[in-house]
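Undergrad: Let's see this in three dimensions:
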Amino acid sequence: MSLAEGGLADRSAWPLLPAERTWGRWRLAIALATAAAATWCYLIGEYVGYYLNFFQGAAALTGGCMIGMLLVFLAAGPICGRFGIDSVAATKPQFGSSGWVIPSLMQIISIIGWNSLLLIFFAKSATQLLRVLGLMPAAMSGREIVPAATLLACSLIYFSLL
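TA: Below is the predicted model:
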């Protein structure tokens with residue numbers, strides 16, 4: 001099969017035959033594992049240090065990461081790997097042929113929420129950096145810098161995507 005035929009099949013909504021897939025089980029597993037690990041470590045890992053010591057925190061993060069990766073993989077992995085369809089298309093049996101809108105909206109909301117969290121982390125990190133470098137006046141609390149840093153990050157992202 002030529003690359004053009006495989007590329008065309010990959011852009012349609014039809015399931016891909018094993019010969020048409022440009023990815024394999026390992027690539028799918030790595031993509032799902034990194035997404036699950038990043039989600040778990042960013043959201044939970046930031047606060048583990050407040051409550052647990054190093055060894056308890058490392059054990060909790062490792063166990064939680066493995067559970068999180070298992071849940072993400074079990075939700076999307078078998079159906080995507082076996083039939084060659086994406087995770088949103090895999091929800092058609094549950095939601096119907098027009099019900100793909102529900103998981104698509106959930107995915108969009110999740111992406112917006114995740115990017116919002118990353119922007120907040122960026123703004124708080126910028127505030128801490130300015131404070132450590134001594135570039136922020138002592139009278140400022142950081143409440144003024146977080147919105148400005150968030151707007152700066154949004155504009156940088158917008159213009160780089162534009």
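
Undergrad: and I120, backbone torsions?
TA: Dihedral angles of I120 (phi, psi; degrees, to the nearest 10) stand at phi -70, psi -40.

Undergrad: brain fart, A139
TA: phi -70, psi -20.

Undergrad: where's it relative to L152, distance?
TA: 21 Å (C-beta to C-beta, to the nearest Å). The way it works is simple: take the backbone N, C-alpha and C, and place the C-beta from them, glycine included.

Undergrad: Identify the residue nearest the geometric centre of this protein.
TA: A35 (5.2 Å; C-alpha atoms, centre = their mean).

Undergrad: check which helix or strand covers the spatially closest residue to that residue that is not a sequence neighbour.
TA: In this structure, A35 finds its nearest non-sequential neighbour in V72, 6.4 Å apart by C-beta to C-beta, 6 or more residues apart in numbering. V72 is part of helix 54-83 when elements are defined by DSSP states H and E.

Undergrad: so how far is that helix from its chain's centroid?
TA: 14 Å (C-alpha atoms, centre = their mean, to the nearest Å).

Undergrad: For it, name the packing helices and strands.
TA: Applying 3 or more C-beta pairs under 8 Å, 6 or more residues apart in numbering; DSSP states H and E, one finds that helix 54-83 contacts helix 25-43, helix 45-51.

Undergrad: and A29, what does it touch?
TA: When contacts are counted by C-beta atoms under 8 Å, 6 or more residues apart in numbering, A29 is found next to F73, G77.
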